[in-house]
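Asks: okay, sequence plus prediction incoming.
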Amino acid sequence: MQNSKLVIIGAGGHGKKMADLATLMKYNLLGFLSMDTPDCIIYNLKVLGIPELMLTDEFAGKIFFHIAIGENSVRYKILNKLGNEHMLATLISPYATVSPNVIIGNGTSINHNSVIQTSVRIGKCCIVDTGAIIDHDCVIGDFANIYPGTVLTGTVNVGNGAIIGAGSVIREKVYIGENTLIGAGSVVVNDIEPNVVAYGNPARVIRKRDFTDKYLR
């Protein structure tokens, strides 16, 4: 994708991180799309408003997008609006260690100092953040968010839309249900059901959770 045209959707902290990563990957970065902060300048790049103007047939196949927004449900909503996951750029840091025997979905980001071991499968529009370790044979569903410093030991299964908080450790062969949030610093030694918040050492379910709940709640 070297020299391909790229627009970052989202102009917050994660958007700026992805702009840095795209630059390292030699994309031709055109700017940001954001309804929250249009017409400002970040890194000498314009933040464009009214994203719908960019999502027309005129741009199909000519410009790639990366959805750089932390909220899993918002990435899901934006991809549905785009309607074509092949317009999404997958961003992989040159400072990450990624086995050649890994499958990574469209629109996912693999950040600096992450380690992805053999036979891992990662879905579309996921975030594998700084220094995360995903060991062999793990499966990460679509729109999941793996926070900095997280360790997933072998054969962990993370459901669609799940969030694994910073510094958490997930024991081998554990299943984390879809849309579930694991709080920062947790140690997960047993399966955790879908649609809940769980944290602690060992992690325990605290309450129910909906996919659209704010992830920092």
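Replies: Looks like it arrived, so ask away. In this text the structure is predicted, and so the values were computed from the model without any measurement.

Asks: can you give me the domain assignment for this structure?
Replies: As given by automatic domain parsing, the domain ranges for the chain are 5-87, 91-201.

Asks: most packed of the ones you listed?
Replies: Sort these by mean neighbour count, taking mean count of other CB atoms under 10 Å, and domain 91-201 sits at the top with a mean of 20. C-betas here are computed from N, CA, C, even on glycine.

Asks: gap between that domain and the chain center?
Replies: Mean C-alpha position of domain 91-201 versus that of the full chain (CA atoms, centre = their mean, to the nearest Å) differs by 10 Å.

Asks: next one: stretch 209-216
Replies: For stretch 209-216, the distance to the chain centre is 15 Å (CA atoms, centre = their mean).

Asks: quick revisit: dump the domains of the chain to TSV, plus mean pLDDT and distance to residue 209.
Replies: Supplementary listing: the domains of the chain in TSV, determined by pLDDT from 0 to 100; distance: least, CB to CB, whole Å:
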stretch	mean pLDDT	distance to residue 209
domain 5-87	78	11
domain 91-201	98	5
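
Asks: distance to residue 210 for those - can I get that in a markdown table?
Replies: Written out in a markdown table, the entries for these read as follows (distance: least, CB to CB, whole Å):
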| stretch | distance to residue 210 |
| --- | --- |
| domain 5-87 | 9 |
| domain 91-201 | 7 |
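
Asks: how about the ones you listed, which one is nearest residue 212?
Replies: When the domains of the chain are compared for distance to residue 212 using CB to CB, the nearest one is domain 5-87, at 4.7 Å.

Asks: A strand includes residue 205, no?
Replies: Yes: remark: residue 205 belongs to a strand, assigned using DSSP: H, G, I helix; E, B strand; the rest coil.

Asks: please name the nearest non-neighbouring residue to the most centrally placed residue in the chain.
Replies: For the chain, residue 127 is the residue whose C-alpha lies nearest the centre (CA atoms, centre = their mean; 1.9 Å). Setting aside the residues directly before and after it, residue 127 is nearest to residue 145 in space (CB to CB, 6 or more residues apart in numbering), at 4.7 Å.

Asks: ok, now which ones touch the one you found?
Replies: Taking CB atoms under 8 Å, 6 or more residues apart in numbering as the definition of contact, the neighbours of residue 145 are 70, 72, 126, 127, 129, 162, 163, 164, 215.

Asks: swap the cut-off to 10 Å and go again
Replies: For residue 145, the contact set (CB atoms under 10 Å, 6 or more residues apart in numbering) comprises 14, 70-72, 75, 125-129, 158, 161-165, 181, 215.

Asks: one more: residue 72?
Replies: 125-127, 142-145, 160-163, 179, 181, 211-213, 215.
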